[in-house]
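okay, sequence plus prediction incoming.
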Amino acid sequence: MAEEMGFRAALGVPFQEAIKKVTAALRSEGFGVLTQIDMRTTFKDKLNADFRRFVILGACSPPLAYRALAANADTGLLLPCNVTVQEDGDHIAVTAVNPVAVLGALEDDATAKAVALEASEKLQRVINGLKA
């Protein structure tokens with residue numbers, strides 16, 4: 001059975017507050033946000049196209065990243081873990097990647113699989129905490 005690609009939550013708060021809540025929830029699970037990509041601004045600047053508010057947060061847990069990269073440098077292709085915050089009708093949709101689902105070619109690497117499972121559990125707790 002295929003793993004779910006990501007975890008989802010809907011928030012009934014303003015967009016910027018949602019980003020703050022998600023960032024705080026990630027921090028509580030040991031993740032920092034390394035990057036914040038504003039797709040709306042990027043599309044406007046590069047394509048002169050309008051788009052809903054959509055931000056991609058590049059989340060990283062240094063202990064997990066260290067273990068994964070020490071075991072297999074190709075794990076770097078999967079880092080950081082993306083979390084999206086976007087307008088979706090009358091609510092804000094938050095999604096977090098499921099590292100187990102994107103493991104792909106590295107699934108035979110026991111260490112990478114263990115780290116992906118741990119990261120997946122942490123990101124699932126982040127999303128579940130947002131739903132509460």
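That came in fine, so what should we check first? Just so you know, these numbers come straight off a predicted model, no measurement behind them. Numbering: from 1, shown residues only.

can you give me the strands in the protein?
Secondary structure of the chain by DSSP state E: the strands cover 6-11, 32-38, 54-60, 81-88, 91-97.

mind putting those strands in JSON lines, mean pLDDT included?
Formatted as JSON lines, the strands of the chain follow (pLDDT from 0 to 100):
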{"stretch": "strand 6-11", "mean pLDDT": "95"}
{"stretch": "strand 32-38", "mean pLDDT": "98"}
{"stretch": "strand 54-60", "mean pLDDT": "97"}
{"stretch": "strand 81-88", "mean pLDDT": "97"}
{"stretch": "strand 91-97", "mean pLDDT": "97"}
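
Ala110: which of these is closest?
Closest approach to Ala110 among these (Cβ to Cβ): strand 81-88, 19.8 Å. C-betas here are computed from N, CA, C, even on glycine.

show me what the closest one is packed up against.
Contact here means 3 or more Cβ pairs under 8 Å, 6 or more residues apart in numbering; DSSP states H and E; on that basis strand 81-88 packs against helix 15-28, strand 54-60, strand 91-97, helix 110-131.

adjacent strands (with direction) for the second one?
Same thing as strand 54-60. Paired neighbours of strand 54-60 in the sheet (DSSP bridges): strand 32-38 (antiparallel), strand 81-88 (antiparallel).

swap in the third one?
Taking DSSP bridges as the criterion, strand 91-97 sits next to strand 6-11 (antiparallel), strand 81-88 (antiparallel) in its sheet.

okay, the ones you listed, which one's buried deepest?
Ranked by average neighbour count under the criterion mean count of other Cβ atoms under 10 Å, the strands paired with strand 91-97 are headed by strand 81-88 at a mean of 20.
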